[in-house]
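Chemist: I'll drop the sequence and a predicted model, then ask my questions.
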Amino acid sequence: MSSSKWSAYEDLCYTRMLDKIEKGMHLHMYSAISKMHSKLSESFGQMDDSMRSLEQQVTEMRFGSVSKSNPRISSPARLRPMPRTDFFTGEIATELLKALLYIVGKSSVCKSSAKHFITTIKRYVSIVQEIKDSGEELPEVLQCELDRFHKEIKKAQMLCYEIINTGKWNVYKNLRYSWKLDEIDKGINRFNLGSMQLHMYASICKMSSKTRERFDQIEGSMKRIQQQITDNSISGSWVEKAIQSQGQEQSMWEEEGLGQRVVIGLEAGKKKVKQMLMTLREDLRIVGIHGIGGSGKTTLAKEIFRDEQIKEHFNNKMLFLTVSQSPNINYLKARILGFLMGSDSSSMHNRIPAWFPQYGGLNCMPVPALIVLDDVWNFKDLELLMLIEGYSGCKILVVSRSRFPVVVQTSYEVECLKEHEAMTLFCLSAFQQPSIPPGANENLVKQVVNECKGLPLALKVMGGSLRGQPEMFWCSARNRLQRGLPIDESHENNLLEKMKISFDHLDKKMKECFLDMGSFLEDRPIPLDILINMWMEVHDLHQEDAYVILYELANKNLLTLVKDRRAGEICSSCYDGFVTMHDVLRDLALYLNNQGEVNEREQLVMPRREAALPRDWERHSDQPFKARIVSIHTGGISEMDWPKMELPKSEVLILNFKAKEYFFPPFMADMRKLCVLILINQDTSNAVLQNFSVFSSLINLKSLWLEKVNVPDLSKTTIPFTKLQKISLILCKVNSSLDPSVVDLPRTFPCISDLTFDHCDDMMELPSSICMMQSLKSLRVTNCHGLRRLPPNMDQLTKLETLRIYACPNLRTLPPGICELRCLKYLDISGCVKLVELPERIGNLISLELIDMRECSQIRCLPKSVIDMQSLKRIICDEEISPVWRDVKRARPELHLQVVEVLHSGLPA
C-alpha cells in the first residue's frame, strides 16, 4: 500500500479506513443470510404446494378421485414462518441521531466522537432493521447479542442527554463524556467482529442443513411420482412437462425409460478413463475428458463417479465440483482444501483458514482420493485449482471442451455415437422407444439422424423438436438442416445457442477464423494449404500465427487437425495435413454468419450444391454485397445462369461445382480486391474451364487453387500476375499448357514463390520453363505417377528452399543441377521406388538440413560427398535403406538418423 511518495500518516489513514470497511462486512453478510433464508422458506413452501398438487393429480389418474377413506399423500412439513422479534425500536435511533447532531453543533470537545458515532449508527441500525424485516426467528444466543446491541444504543442515548445538559465550559467533564462515547462505539464494533461472526457461521450451517433436508424431501416426492407413472404406464406430455417444470433436468444423452436411466455409447470411454484413474503411475495424477460441446463429457464423468469399482479404489473418498464459466475460485479452493484435509466435502461453509499460507505441501491424507472438476473453461481457472501437490494418491479428473495439454497429462476424447447408438438415442427422444415405430417414414428418420452426425446433444434436441410432428414438418426440418438452418426455436436455443458458448470464449481473431470454416463443404477435409493461405490474406496473419490459431481451435475441440501420417512430428511445412469439422459446428458457423441482412454479411455462403444461386441473393443483387468471403456451390452453370452481382470487398472466392464444363462467373471481372481463388470440381472427370478471360482483371490475386480441371491455355492471359505468389494444381490435367512454346511462365508469373503439382498423372516431365521462375522457394511434385524426368536446368532455381518429389514411382534419376541449389534446406524423394542413386555432387548442398528418402529401396550406396554436408541434421529412411547411412552417422555422431516402419500398404508409417 505504502510507497516512497506517501507519508506514514497517510498509510495509517488508509489502514484505518480499510478496518472500518471490514467491520461493516459481517453484519451485512448476516443481513443477506436472513433475507436468503426467508426467500428459501417461501420458495420451499411454494414447491411443497406444487408437489402435493402433482402427487394428487397422479394419484387421481391411478385410482380416480381420492375418497375420504384414502390416506392423504404425505408431504414434508413446510418451514414455519419466522415470527418477528421486536429487538429494536426506530424511535430510539431517531432520538439518538437528533441528540448526536445537536452535540456536533454545540460541543467542540465531543464533536469528533459524535460524528464518528453517527456514521456507526446509520450503518448498523439499517442492517439490524433488515434482519428484523426478514421475519427470521433468531437463535437464542444471537437474540441476546442483538439485545446487547440495543442496550448499547440505549446507553449512548442517555450519555448524549448528559452531554447536552453539561455546560460547554466544563472541558474536563466533556472530555470524559467524549471518551465514554468512543468506548461505546468500539464496543459495538467489537460486537460485530467477535461473537457475531461465530453465530453467523452457525446460522449458515443450520440453513445449509435445512436446505439439504428439503431438497432430499423434494427428491423423494419426485421419485414417488415417477414410480407411480412407471407402475401404471402413464404417458402423456402433461406428465413430462410437469416433471420438467419441477427442475428435473436430464442429461442430454441419458434417457428415462421404463423407470431406469439408460446410458448410450459410453462403455468404451468409461473403460479407458477408469484405466487412467486406477493406474498407480505418479505421472498420471491429472487426467482429462475432452470433446466438443454436447458430446456427453459430463455424462461420462458422472457415470465414472457412480462406478462401484472407482468407489472401491478411492475408498469412497471422492469430490465432484462444477467449475462453470464464471467460477467462484476461492469457494472451490476451500471445498478442495477441506476435502483434502478430511472435513465434510459437502459442507457449504468451508473457508480457507487465514493461517494457511499456501494450498499444498501438507501431507494430510496419504490415501487414494478423486476430485472431478467438471465444466472447466479457462486454463487460468484450472491452474488455480491444482491443489494436490503433496497429497499422495490423489487424482484429478478434468472435464472440459478444451484439452489443456500443459496441465492434463493424458486425456480421453469423447467420440460421437456409432450409427446404431445414434438411432437408439434419437428414437428414445422422438418416439419414446428405442427403435423406429411401425408406420414412420424410416428413410426420412435416417436422413435426419444422419444430419446429427452422432452428436448426442443434437440427437436429443432434434428428436424432441420433431416429436409428434407431421411428416411434412420432418421433411422441412431435414431440408433446413441440410442448409445449416435451425429447424425451430427449440433447435436454435437448445443446440446452437449452447454450442455458441464455446465460440463466445474465443478472442476476436479466433472467432473470425472459426466463422471462415463454414465456407467449406460439408463432410470434406479442408487442406491446411487452403485454410492457412486464406487466413493469411483475409486476416493479415503471418503463417506461424495462423497455425497457432489452428492449433488453439483444435485444442478447444472446435475442429480436428490431422497431420500427414508420414511426416509425424517432422512436417516440411504447416501445410502437410488437413482439417475436419463436425457438421453441427459447421452449422453453428453458418448460423452465426447468416445473422443480419444478406448484403451486410461478412461471409456469403451456399452451404450445399444447388442448381442456381439462392433467391435471397438474387433479390438483393441490385445493391452491392459487403462480404469478404464468398462461397458458391453449384452444378454445371452456363453464362446466362449467372446473375449480376457486385462484390467490391470480396477477398476470397470459393467455387465448388460438379460438372464437366464450368463457366467462370462474369462478376469476377469486377472483383478487384480478390486475393484468394479456390476452384474445386466434385465430378468424376476433369472439367473444362470457360471464360478464363476474367482472370485478366484479377490484379491483386495472390493464391490460386485449381482442383480436378484441365489447366487452361495461359497464353490468352494478356497481363502478368505480378502479385500471384502461390499456385496449387490438384488432380489437374496439365497437358501442354505449361510448355515454354505455349506460355512464358516467368513473364506471366514473375513473383511465384510456391508451386505445387499433386496427382497430375498426365505430366510426364516437369516443364523446363519452371526453372526460369527464379523467385520460386518451394516446389512440390507429389503423387505424379507419370513423371519420368526432371528438367536439367534446375540449378537456375537459386532461391529454392524446399523440393518435394514424393511418390513419383517412375522417376529414375535426379538431374545433376539439383546439386547447385545452395539455398535448399529440405529434400523429399520418398516413395520414388525406381530411383537408383543420388547425384554424385550432392555434397554441394551446403544448406541442406533434412533428407526424407523412405521407400527408396533401389539406392544401395551413397556418394562420398554426403560427408561434406555439414548442415545436414536429420535423415528419415526405412529399415531397408538405413545401413547405407550408418557409416555416415559414425563419422558424424551429431547426425540424427530416424528409421521408420513401412505399413502393409507400402506407404511409410
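Modeler: Nice, I can see it. Residues are numbered from 1 along each chain as shown.
Chemist: What is the three-state secondary structure of the residue of the chain most remote from its centre?
Modeler: When distances are taken from the C-alpha mean of the chain, residue 169 lies farthest, 75.2 Å away, according to C-alpha atoms, centre = their mean. Recorded secondary structure, residue 169: coil (DSSP: H, G, I helix; E, B strand; the rest coil).
Chemist: same check, this time on the one 4 residues further on
Modeler: Here residue 173 is helix, with the state taken from three-state DSSP.
Chemist: OK, contacts around it?
Modeler: Residues near residue 173 by C-beta atoms under 8 Å, 6 or more residues apart in numbering: residue 166. Yep, even glycine has a C-beta here, placed from its N, CA and C like the rest.
Chemist: can you start the count at 3 instead of 1 from here on
Modeler: Yes, from this point I'll number from 3; that puts the last item at residue 175.
Chemist: Name the helix or strand of this protein that has the lowest mean pLDDT.
Modeler: helix 239-247 (a mean of 35; mean pLDDT, DSSP states H and E).
Chemist: Tell me where the stretch 553-702 of the chain has strands.
Modeler: For the stretch 553-702 of the chain, applying DSSP state E, counting those that start in this stretch gives strands covering 562-565, 579-582, 605-607, 631-636, 654-659, 663-665, 678-683, 690-692.
Chemist: could you check the angle strand 631-636 makes with the fifth one?
Modeler: Here strand 654-659 runs at an angle of 10 degrees relative to strand 631-636 (axes from the mean of the first three to the mean of the last three C-alpha atoms, to 10 degrees).
Chemist: From the contact counts, what lies against strand 654-659?
Modeler: Contact partners of strand 654-659 among helices and strands, from 3 or more C-beta pairs under 8 Å, 6 or more residues apart in numbering; DSSP states H and E: helix 530-540, strand 631-636, strand 678-683.
Chemist: What distance do you get for residue 735 to residue 765?
Modeler: Distance of residue 735 to residue 765, computed by C-beta to C-beta, to the nearest Å: 9 Å.
Chemist: Actually, residue 738.
Modeler: For residue 738, the distance to residue 765 - C-beta to C-beta - is 10 Å.
Chemist: and if you look at residue 646?
Modeler: Taken as C-beta to C-beta, the span from residue 646 to residue 765 is 38 Å.
Chemist: what helix or strand is residue 324 on?
Modeler: strand 320-326 (DSSP states H and E).
Chemist: any idea which helix or strand comes after that strand?
Modeler: Following strand 320-326 in sequence, per DSSP H and E, is helix 331-342.
Chemist: from the chain's centre, how far out does that next one sit?
Modeler: Chain-centre distance of helix 331-342: 25 Å, with C-alpha atoms, centre = their mean, to the nearest Å.
Chemist: Stretch 307-319 too?
Modeler: 29 Å.
Chemist: so how far does that stretch reach from one end to the other?
Modeler: 11 Å (C-alpha to C-alpha, to the nearest Å).
Chemist: swap in stretch 519-537?
Modeler: First-to-last residue span, stretch 519-537, C-alpha to C-alpha: 10 Å.
Chemist: Report the rounded mean pLDDT for that stretch.
Modeler: The average pLDDT within stretch 519-537 is 87.
Chemist: next one: stretch 881-891
Modeler: 87.
Chemist: and residue 897, which of the strands of the stretch 553-702 of the chain is closest to it?
Modeler: Closest approach to residue 897 among the strands of the stretch 553-702 of the chain is made by strand 562-565 (24.5 Å; C-beta to C-beta).
Chemist: what's in contact with the closest one?
Modeler: Contacts for strand 562-565 (C-beta under 8 Å, 6+ apart): 527, 552-553, 556, 573, 578-583.
Chemist: on that earlier part again, out of residue 735 and residue 765, which sits in the busier spot?
Modeler: Shown here are residue 735 and residue 765; by other C-beta atoms under 10 Å, residue 765 has more neighbours (23 against 18).
Chemist: Quickly note the distance from that one to residue 620.
Modeler: Taken as C-beta to C-beta, the span from residue 765 to residue 620 is 41 Å.
Chemist: circling back to that earlier point, put the buried members of the contacts of strand 562-565 into a ChimeraX selection.
Modeler: To isolate the buried members of the contacts of strand 562-565 in ChimeraX, using 16 or more other C-beta atoms under 10 Å:
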select :552,556,578,579,580,581,583
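Chemist: Could you identify the pair within the contacts of strand 562-565 that is furthest apart?
Modeler: Most distant of these, by C-beta to C-beta, are 573 and 583, 20.6 Å apart.
Chemist: OK, contacts around residue 278?
Modeler: 286, 289, 412, 414.
Chemist: For the buried ones among the residues you listed, write the corresponding ChimeraX selection.
Modeler: Filtering the contacts of residue 278 down to the buried ones (16+ other C-beta under 10 Å) takes a single ChimeraX command:
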select :286,289,414
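Chemist: Of the contacts of residue 278, which is the nearest to residue 813?
Modeler: residue 412 (42.7 Å).
Chemist: Would you indicate which residues of stretch 321-333 are buried?
Modeler: Here stretch 321-333 shows 321-323, 325, 329 as buried, counting by 16+ other C-beta under 10 Å.
Chemist: In PDB, list the C-alpha atoms belonging to it.
Modeler: Extracted C-alpha coordinates of stretch 321-333, given in PDB (Å, rounded to 0.1, in the frame of the first residue of the first chain):
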ATOM      1  CA  LEU A 321     -15.500 -35.000  -4.700                       C
ATOM      2  CA  PHE A 322     -17.400 -33.700  -7.700                       C
ATOM      3  CA  LEU A 323     -17.300 -30.000  -8.400                       C
ATOM      4  CA  THR A 324     -18.800 -28.000 -11.300                       C
ATOM      5  CA  VAL A 325     -16.400 -25.100 -12.200                       C
ATOM      6  CA  SER A 326     -18.500 -23.400 -14.900                       C
ATOM      7  CA  GLN A 327     -17.700 -20.300 -17.000                       C
ATOM      8  CA  SER A 328     -17.600 -17.800 -14.100                       C
ATOM      9  CA  PRO A 329     -16.400 -19.800 -11.100                       C
ATOM     10  CA  ASN A 330     -16.000 -18.700  -7.500                       C
ATOM     11  CA  ILE A 331     -12.400 -19.700  -7.300                       C
ATOM     12  CA  ASN A 332     -12.000 -19.100  -3.600                       C
ATOM     13  CA  TYR A 333     -15.100 -21.200  -2.800                       C
END
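Chemist: Nothing else from me, thank you.
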